[in-house]
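Q: sequence below, structure please.
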Amino acid sequence: MILAAGLGTRLGPLTSLRPKPMLPICGTPLVRWAALWLRSQGVREIVVNLHHLGEQIAEELGDGGALDLDIRYSREAPEVLGTGGGIRRARALLDDGSGAPIIIVNGKILLDLDLADVLRQHRETGAEATLVLCPDPRREKWEKIRLGPDRQVVSLFEETREGSSPGRPLMFTGVHVIDPKVIDRIPGSGAPCIVRSAYRELFAEGRGLYGYLTDGYWWEHSNLERYLVGLRKVLDGEAALPYAERPLRGVDPTAKIHPTAKIRPPVFIGRRVEVGAGAEIGPYVELDDDVIVDAGVRLRDVIAWPGAHVRNSAERAVAAGERLLDGRDAAS
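A: From the prediction side, this is the model:
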């Protein structure tokens, strides 16, 4: 299941135009990246939950046939149901009665992860839920999850199991594997978070909740700053993303770049882009398909969405349609 129903409020006016899972990185929306990653790991059946501007996501992925996938949708209305409520709503699409584990992925991330190894550990430990975790770079502020020597979660939020030997603080990546019976632990009303409901219950019982530690690439794009940094990381090669459908950097051969324009790598310049005379593009710029950049415009650390027309110079901003949005427009 790809969780894609959030409101994305920390991106400010950007998400009045696109839901967060539709933010493009190197020409591919995040929700499509999630589907491509799952396909690369052998998954063929995917459920996506929808709420805010969900029709854009459904239009992007369709029934999955073009990706050799079977994609179905769980629509949440009138209110968004939270991570737990969204999973519970989609149970009929997720649980075939075989007891096979369910893989859950947040729709706003990019990652490089061996899912087979996560599933192997899930089986070997007898876990009901396995959370994929990574080192927490902000551990002074966000000491949320710690594992014991057997990889069982022994510290969750402010609670630590008595007599345990917690390791270093870790961050939840938004990737998890659950047995279907965990869904019974999610409250049947409201908009519950699965971590603060079902997982907290497992933790309190002292069994069934494990963590898988990854040091592979992972990044979430929750606000404008993280979105722009995410592009930087991909253009710098920190994310290999072997399942990509398109080249991750460079200039598409269909783009029209004026001979006097300057391209300063690394950049991603998509199909049918037009860059005017004397413009300076880069570094760390993404111009998606059909973008027009006027003469003399200078761009650095900018993502221009498909079809945008960039008339003015900008730095650390997103171009959408005729608009340029920067950090003053989005909440942190």
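Q: and stretch 203-217, what's buried?
A: 203, 208-212, 214, 217 (16 or more other CB atoms under 10 Å). All C-beta atoms are positioned from the backbone trio N, CA, C, and that covers glycine.
Q: check stretch 262-281 too.
A: Neighbour count says stretch 262-281 has 263, 266-270, 273-276, 279-281 buried, by 16+ other CB under 10 Å.
Q: over to stretch 32-40?
A: 32-39.
Q: tell me the two of the buried residues of stretch 262-281 that are most distant?
A: Taking CB to CB, the two most distant members of the buried residues of stretch 262-281 are 266 and 276; they sit 21.1 Å apart.
Q: how much space between residue 64 and residue 292?
A: Separation of residue 64 from residue 292 (CB to CB, to the nearest Å): 32 Å.
Q: then residue 134?
A: With distances taken as CB to CB, residue 134 is found 39 Å from residue 292.
Q: cool, residue 236 as well?
A: From residue 236 to residue 292 the distance is 27 Å (CB to CB).
Q: tell me which of the two has more neighbours.
A: In this view residue 236 and residue 292 are compared by other CB atoms under 10 Å, and residue 292 has more residues nearby, 18 against 12.
Q: and the end-to-end length of stretch 250-257?
A: End-to-end distance of stretch 250-257 (CA to CA, to the nearest Å): 12 Å.
Q: just to revisit the earlier point, in a markdown table: the buried residues of stretch 262-281, plus secondary structure and pLDDT.
A: Shown next, in a markdown table, are those (DSSP: H, G, I helix; E, B strand; the rest coil; pLDDT from 0 to 100):
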| residue | secondary structure | pLDDT |
| --- | --- | --- |
| 263 | strand | 98 |
| 266 | coil | 98 |
| 267 | strand | 98 |
| 268 | strand | 98 |
| 269 | strand | 98 |
| 270 | coil | 98 |
| 273 | coil | 98 |
| 274 | strand | 98 |
| 275 | strand | 98 |
| 276 | coil | 98 |
| 279 | coil | 98 |
| 280 | strand | 98 |
| 281 | strand | 98 |
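Q: which of these lies closest to residue 109?
A: Proximity of these to residue 109 (CB to CB) peaks at residue 268, which lies at 18.8 Å.
Q: which strand residues bridge the closest one?
A: On the basis of DSSP bridges, residue 268 is bridged to residue 250, residue 286.
Q: that one contacts residue 283, correct?
A: No: applying CB atoms under 8 Å as the test, residue 268 and residue 283 come out as separate, 11.0 Å apart.
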